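*Asks:* Sequence plus the predicted model coming up.
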Amino acid sequence: MSLKEALLREHSKANALAITRRILAGEIAFEELWELTKNGAPPLPQRASWVLDTVTEAAPEHLQPYLPEAVRLLQQPNHNAVHRNLLKALERTALPEELQGALYDYCIDKLLNPKALPAIQAFSMSLAAKIAKGIPELEEELALVIESQMEFNSAAFKSRGRRILTLLRKS
């Protein structure tokens, strides 16, 4: 069964994990998954991005060759699941310095956007914290952004925000 057929067969965690196992075993190329995430017709991008999330959980290095494209994909209109899963995958991946600025700016924009979904904001917060780690100016800016949004946001934002603020204050 092709990757496309497998993704369309069923939208479930069991199916996503079965496809993940096939990719990790080398039966399906990660590049094929990436292409469907980037260019597939709906619902393929959101389903492929779910598998991408589970693959990078086990082997984050798979995303490494596609990092510049991943950053560009985040900045384009797409299904929220694609953005959410890309943010999670990027948080696990070693990020080259030349991509960190664009990613950090994207994350800050999402944190300041009252229309952004809570999950997108939560993963943006974590990714921004990863990028800011060890850079006092960015840590301070991120802390100020989080604090400014705490009162007006969801319980998920507040919970993640408290956790990130604690980490930022320790460094």
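*Replies:* All right, it came through fine. Numbering: from 1, shown residues only.
*Asks:* Please name the spatially closest residue to the residue nearest the centre of the chain (chain neighbours excluded).
*Replies:* The centroid of the chain falls nearest to Leu87 when counting by Cα atoms, centre = their mean (1.1 Å). Taking Cβ to Cβ, 6 or more residues apart in numbering as the measure, Leu87 lies nearest to Phe123, with 3.7 Å between them; neighbours along the chain are not counted. Yep, even glycine has a C-beta here, placed from its N, CA and C like the rest.
*Asks:* what's the answer for Gly161, then?
*Replies:* If you skip the residues right next to it in sequence, Gly161 has Ile146 as its closest partner in space, 4.6 Å away by Cβ to Cβ, 6+ apart.
*Asks:* Point me to the helix or strand that includes that neighbour.
*Replies:* Using DSSP states H and E, the secondary-structure element containing Ile146 is helix 136-150.
*Asks:* and that helix, what other elements does it pack with?
*Replies:* Contact here means 3 or more Cβ pairs under 8 Å, 6 or more residues apart in numbering; DSSP states H and E; on that basis helix 136-150 packs against helix 97-112, helix 118-132, helix 155-170.
*Asks:* Just want the angle from the shortest one to helix 97-112.
*Replies:* When axes from the mean of the first three to the mean of the last three Cα atoms, to 10 degrees is applied, the directions of helix 118-132 and helix 97-112 differ by 140 degrees.
*Asks:* So for helix 118-132, mean pLDDT?
*Replies:* Per-residue pLDDT values across helix 118-132 average out to 96.
*Asks:* got the angle between it and helix 136-150?
*Replies:* An angle of 160 degrees separates the directions of helix 118-132 and helix 136-150 when computed by the same axes, to 10 degrees.
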